[in-house]
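Colleague: Sequence and predicted structure, then a few things I'm wondering about:
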Amino acid sequence: MVSEIKVSMAAANVQIRIRKMEAAPGAGEKKSQLLAYVTVEFDMVCSAAPKEGEDLDVLLPIAYEDERPAAPVNFALTIDGEPVADVKTDTWSVTDENNRPRTQWGYAWRLTGLKGGQKRRIAVQYSIVLPQNEGKAHFTYFLRSGARWDGPIGQEVVNITADKGLRMEVLSPTVLKPEKRSDTSLTWRITNAKPAEDIRLIIVPSAKP
C-alpha cells in the first residue's frame, strides 16, 4: 500500500494459508499446485484532515511483474464492511531489497471520504497459484509496502501456515525473526516500526514421512 497524505497503519492482521491441490484425474496438468490463501485486515487512521475532495489512491502489491501468477487471482475488498467495486489491476516501479529496479503488480483503488482522526478498516482476501521451479514454490508477502504509510506501523501480525506434507524455508526477512517458527507455521510481529524487508518463502515437500 502507498500513502501520499497523512494516513497511518494503526494495525494489521495477516493470515496466510499455503495449501496443496492435487491435479484432477485425467487433467492435462499432471503436477500438483500450491495455492496461497491470504486474508488481511488493515486499521488505517487519517491523522490530519485532507483538503476538501482529496482522496487517497491505494496500491496493494501481489507479486513482481516477472513473477506474476499465470492463473487468475481471486481478489475481494471491503472498506468498513462494504464491498468495493471500483478495483483494478495495475503495475508500478519500485526497488527491491537489493536496491534493483523492479516492477510490482497488484490492485489499486481509491479511499474516499477521509476525515481527520477517522479510522477505516480495509479487509482484503485473495488467493493465488504459486509459481514453481524444479519442485519448489515461491511466495512473497510485501511487508515493505507498509513502510510507505505516514509514520511507523502500530502493530502488524503475520501468521503463515502450510498444509501437512509441506515445509517452508525463509529467504527473508533476515533481521526480523519469526516470533514463532516450525516447518509448517511462522508468525512475525511488527511493533511501532517501518519494515525494511519483505517476507519471501520457498515451499517444498517435507522430508518427514
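Modeller: Okay, I see it. This one's a predicted model, so the numbers in the text were calculated from it and none came from an experiment.
Colleague: going forward, measure contacts and count neighbours with C-alpha atoms only.
Modeller: Noted.
Colleague: and after the least confident helix or strand in the chain by mean pLDDT, which helix or strand comes next?
Modeller: One helix or strand of the chain scores below all others by mean pLDDT, DSSP states H and E: strand 132-133, with a mean of 88. Next helix or strand after strand 132-133 toward the C-terminus (DSSP states H and E): strand 136-141.
Colleague: for the helix or strand following that following strand, packing partners?
Modeller: Going down the chain from strand 136-141, the next helix or strand is strand 153-162, by DSSP H and E. When contacts are defined as 3 or more CA pairs under 8 Å, 6 or more residues apart in numbering; DSSP states H and E, strand 153-162 sits against strand 7-21, strand 185-193.
Colleague: and strand 153-162, which strands flank it?
Modeller: Strand pairing for strand 153-162, using DSSP bridges, gives strand 7-21 (parallel), strand 185-193 (antiparallel).
Colleague: out of the ones you listed, which comes closest to K136?
Modeller: Of all the strands paired with strand 153-162, strand 7-21 sits nearest to K136, with 12.4 Å by CA to CA.
Colleague: what residues does the helix or strand following that closest one touch?
Modeller: The helix or strand immediately downstream of strand 7-21 is strand 33-46, counting by DSSP H and E. In this structure, residues lying in contact with strand 33-46 by CA atoms under 8 Å, 6 or more residues apart in numbering are 6-23, 114-130, 137, 139.
Colleague: Please convert the buried members of those into PyMOL selection syntax.
Modeller: The buried residues among the contacts of strand 33-46 can be selected in PyMOL (16 or more other CA atoms under 10 Å) with this line:
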select buried, resi 6+7+8+9+10+11+12+13+14+15+16+17+18+19+20+114+115+119+120+121+122+123+124+125+126+127+128+129+130+137+139
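Colleague: still on that earlier bit, chain center to the least confident helix or strand of the chain: distance?
Modeller: 20 Å (CA atoms, centre = their mean, to the nearest Å).
Colleague: Show the contacting residues for P152.
Modeller: So, once contact is read as CA under 8 Å, 6+ apart, P152 ends up touching 8-9, 192-194.
Colleague: show me the contacts for I122.
Modeller: Going by CA under 8 Å, 6+ apart, I122 touches 41-44, 77-80.
Colleague: how about a cut-off of 10 Å?
Modeller: Counting by CA atoms under 10 Å, 6 or more residues apart in numbering, I122 makes contact with 12, 40-44, 77-82, 111.
Colleague: so how far is Q132 from it?
Modeller: 30 Å (CA to CA, to the nearest Å).
Colleague: So for the residue nearest the centre of the chain, what's the nearest residue that isn't a sequence neighbour?
Modeller: When CA atoms, centre = their mean is applied to the chain, the residue found nearest the centroid is Y141 (4.1 Å). Spatial nearest neighbour of Y141, chain neighbours left out: I199 (5.1 Å); criterion: CA to CA, 6 or more residues apart in numbering.
Colleague: number of nearby residues for the one you found?
Modeller: 18 (other CA atoms under 10 Å).
Colleague: Q155 versus the nearest residue to C46 once chain neighbours are set aside, what's the distance?
Modeller: Distances taken as CA to CA, 6+ apart put V7 closest to C46, at 4.3 Å, once the chain neighbours are dropped. Distance, V7 to Q155, by CA to CA: 15 Å.
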